[in-house]
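Peer 1: Sharing a model that was predicted from the sequence below.
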Amino acid sequence: MRMKQPKLLMDWGGRPVIQQVVHTLVDCGLAPVHVVTGGFSKEIEHSLAGYPVNILFNPDYTRADMLSSIQIGLKNAEVRVSAALIVLGDQPQMLPETINQVVEGYLHTRAPLVFPSYRMRRGHPWIIDRKLWDEILALPPGGTAREVVERHSSKIHYVNVDTPTILQDLDTPEDYERYRPR
């Protein structure tokens, strides 16, 4: 554990990191939210009590890859859902404007992949249309969502954003100190 404590439960402006992420999504009108957990699942679930979330447990969380969590989220999406917004749980500085721009980019273009871009670098959160979900679900352990993204790179719709927050997550104590609200 690089952070010496569960990073999703660390304080972010008076609430846990994961609660801030979910709060931002719900404020943007996105609900219910699927939260895929691994370690500290019960504590994360407790911190999200009262939010319109579905807590899904990833038994392969120790592999430390995002693919298995994305696969669990997609498998549990309602049939009526046409696309999924892929969000990092350790990106509490994610801005509502960015989420709204990415969602609007999808609604306007119906592109199979929609990414925010800051200075020609793509980041999170991003959208994947249901028509590509089977490709994600078919990836073997050790695979990455990037394989599907690269396979369909000519179909990506980029939404230019004016914030580096799409590139920033909390991987180290230094990241936490640099990005946390004062």
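Peer 2: Received it, and whenever you're ready, just let me know what you need.
Peer 1: F40 against P6, yeah?
Peer 2: Yes. In this structure F40 lies within contact range of P6 using C-beta atoms under 8 Å: 4.4 Å. In short, each C-beta sits where N, CA and C put it, glycine included.
Peer 1: Provide the secondary structure category for the residue lying closest to P92 once chain neighbours are set aside.
Peer 2: Among residues not flanking P92 along the chain, Q20 sits closest, at 3.9 Å (C-beta to C-beta, 6 or more residues apart in numbering). On the three-state scheme (DSSP: H, G, I helix; E, B strand; the rest coil), Q20 is labelled helix.
Peer 1: Which strands and helices lie in contact with the host helix or strand of F115?
Peer 2: Assigned by DSSP states H and E, F115 belongs to strand 113-118. The elements that strand 113-118 packs onto, with contact taken as 3 or more C-beta pairs under 8 Å, 6 or more residues apart in numbering; DSSP states H and E, are helix 96-109, strand 126-129, strand 156-160.
Peer 1: Save the ones you listed as a markdown table, and put in distance to Y179 too.
Peer 2: Putting the helices and strands packed on strand 113-118 into a markdown table (distance: least, C-beta to C-beta, whole Å) gives the following:
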| stretch | distance to Y179 |
| --- | --- |
| helix 96-109 | 15 |
| strand 126-129 | 20 |
| strand 156-160 | 21 |
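Peer 1: Give me the local confidence score for A64.
Peer 2: Residue-level confidence at A64 comes out at 63, pLDDT.
Peer 1: Check P59 too.
Peer 2: In this model, P59 carries a pLDDT of 92.
Peer 1: can you tell me how far it sits from S69?
Peer 2: From P59 over to S69 the distance is 11 Å, taken as C-beta to C-beta, to the nearest Å.
Peer 1: more crowded one of the two?
Peer 2: Per other C-beta atoms under 10 Å, whichever of P59 and S69 has more neighbours is S69, with 22 against 9.
Peer 1: wait, that one sits on V36?
Peer 2: Yes. Judged on C-beta under 8 Å, S69 makes contact with V36 at a distance of 4.1 Å.
Peer 1: intersection of neighbour lists for those two?
Peer 2: Common neighbours of S69 and V36 (criterion: C-beta atoms under 8 Å, 6 or more residues apart in numbering): N58.
Peer 1: Look up how far I55 lies from L85.
Peer 2: If you go by C-beta to C-beta, the gap between L85 and I55 works out to 17 Å.
Peer 1: Sorry, slip of the keys, the one I care about is H23.
Peer 2: From H23 to I55 the distance is 16 Å (C-beta to C-beta).
Peer 1: swap in T109?
Peer 2: With distances taken as C-beta to C-beta, T109 is found 32 Å from I55.
Peer 1: Look at L85 and I55 and report which has more neighbours.
Peer 2: L85 (19 against 16).
Peer 1: Quick check: phi and psi at that one.
Peer 2: For L85, the backbone dihedrals (degrees, to the nearest 10) come out as phi -90, psi 120.
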